[in-house]
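Chemist: From the sequence below, what's the structure:
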Amino acid sequence: MEEITNNSSFNEIPIIDISSLVGDQDKTKSVRKTVKEIGNACKNVGFFYVKNHQIPQDHLDAVSYTHLTLPTNREV
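Modeler: Take a look at the predicted model:
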């Protein structure tokens, strides 16, 4: 991921591969890189997408469905 600074603008939402944070392999260098990317995105963009998170699709579907079916007058 290209580093984004406060002085630069971004053209797309950062997509961060968090596979180094999942599992029990010793990947210290990869973890540090991922943490730096997350910090950079939060500090300079405010949000990011993640990939390779290993959350099962049926879990994501359930959360999406629950959120989309809440009454509109209910605060989340």
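
Chemist: so where do the strands sit in this protein?
Modeler: Secondary structure of the chain by DSSP state E: the strands cover 15-17, 49-51.

Chemist: Compile those into a markdown table and extend it with columns for mean neighbour count, distance to residue 24 and mean pLDDT.
Modeler: Every residue, glycine included, has its C-beta placed from N, CA and C. Listed next are the strands of the chain as a markdown table, based on neighbours: other Cβ atoms under 10 Å; distance: least, Cβ to Cβ, whole Å; pLDDT from 0 to 100:
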| stretch | mean neighbour count | distance to residue 24 | mean pLDDT |
| --- | --- | --- | --- |
| strand 15-17 | 16 | 18 | 97 |
| strand 49-51 | 12 | 19 | 95 |
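
Chemist: Make CSV from these and add distance to residue 57 to it.
Modeler: Shown next, in CSV, are the strands of the chain (distance: least, Cβ to Cβ, whole Å):
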stretch, distance to residue 57
strand 15-17, 18
strand 49-51, 13
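
Chemist: list the buried ones in the top helix by length along the chain?
Modeler: The longest helix of the chain (DSSP state H) is helix 28-44. By neighbour count on 16 or more other Cβ atoms under 10 Å, the buried set for helix 28-44 is 34, 37-38, 40-41, 44.
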